[in-house]
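>>> sequence first, then the predicted structure:
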Amino acid sequence: MQVGSLVVDVCDGGCGGIWFDAFELKQVDEEDEAAGEPLLHIRRDVNVKVDALRKRDCPRCPEVKLQRHFFSAKRRVEVDECPNCGGYWLDAGELGQIRDELAQTATDAQKHPTSLSGDVLRYLYRLRPERRESGNEERGA
């Protein structure tokens, strides 16, 4: 399926899964990346059963099994990744879950900023030499 500048492999009308070659997933994993929108609507045959416990073969690398792991530290979405080529297999619905998770993370970061902005860091950095000089003057240096 052509999505924007990407061509991804999809199981349209089957299991509804999507194969992303290395670095392709990063181009469609966020809500504001319009190219990924058609991938949220891949037709799935409800009669096709997928065994989530079974190790899958990489569609690109002969004799290499995909490794299942959580997409992020939030541990909400499990994905299959090839340890050799870096490609990802997403089961039906997982791209939508990833997009939702990333959107929620961005919203949480806006509501509860936990890191200093670049402007604040630059301001603090500029204060540092001034504090040394004023501290030295007070001590008679």
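In hand now; what should we look at? Numbering: from 1, shown residues only.
>>> flag every buried residue along stretch 96-105.
By 16 or more other Cβ atoms under 10 Å, the buried positions in stretch 96-105 come out as 96, 97, 98, 99, 101, 102. In this view, the C-beta of every residue, glycine as well, is placed from N, C-alpha and C.
>>> who's in contact with the fourth one?
It refers to residue 99. Listed by Cβ atoms under 8 Å, 6 or more residues apart in numbering, the contact set of residue 99 reads 29, 30, 31, 36, 40.
>>> which residue comes closest to the fourth one once chain neighbours are left out?
Counting by Cβ to Cβ, 6 or more residues apart in numbering, residue 28 is the residue found nearest to residue 36 once chain neighbours are left out, at 3.0 Å.
>>> the last one now?
With sequence-adjacent residues excluded and distances taken as Cβ to Cβ, 6+ apart, residue 40 is closest to residue 96, at 5.2 Å.
>>> put the alpha carbons of the strand or helix carrying the one you found into CSV.
Using DSSP states H and E, residue 96 maps to helix 94-111. Only the C-alpha atoms of helix 94-111 are listed here, as CSV (Å, rounded to 0.1, in the frame of the first residue of the first chain):
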residue,chain,number,x,y,z
GLU,A,94,-1.6,-1.7,17.0
LEU,A,95,-0.7,1.3,14.9
GLY,A,96,-3.8,3.1,16.3
GLN,A,97,-2.8,2.1,19.8
ILE,A,98,0.7,3.4,19.3
ARG,A,99,-0.6,6.7,17.9
ASP,A,100,-3.0,7.0,20.9
GLU,A,101,-0.1,6.3,23.3
LEU,A,102,2.2,8.9,21.7
ALA,A,103,-0.6,11.5,21.7
GLN,A,104,-1.4,10.9,25.4
THR,A,105,2.3,11.1,26.2
ALA,A,106,2.5,14.5,24.4
THR,A,107,-0.6,15.7,26.2
ASP,A,108,0.8,14.6,29.6
ALA,A,109,4.1,16.4,28.9
GLN,A,110,2.3,19.6,28.1
LYS,A,111,0.2,19.4,31.3
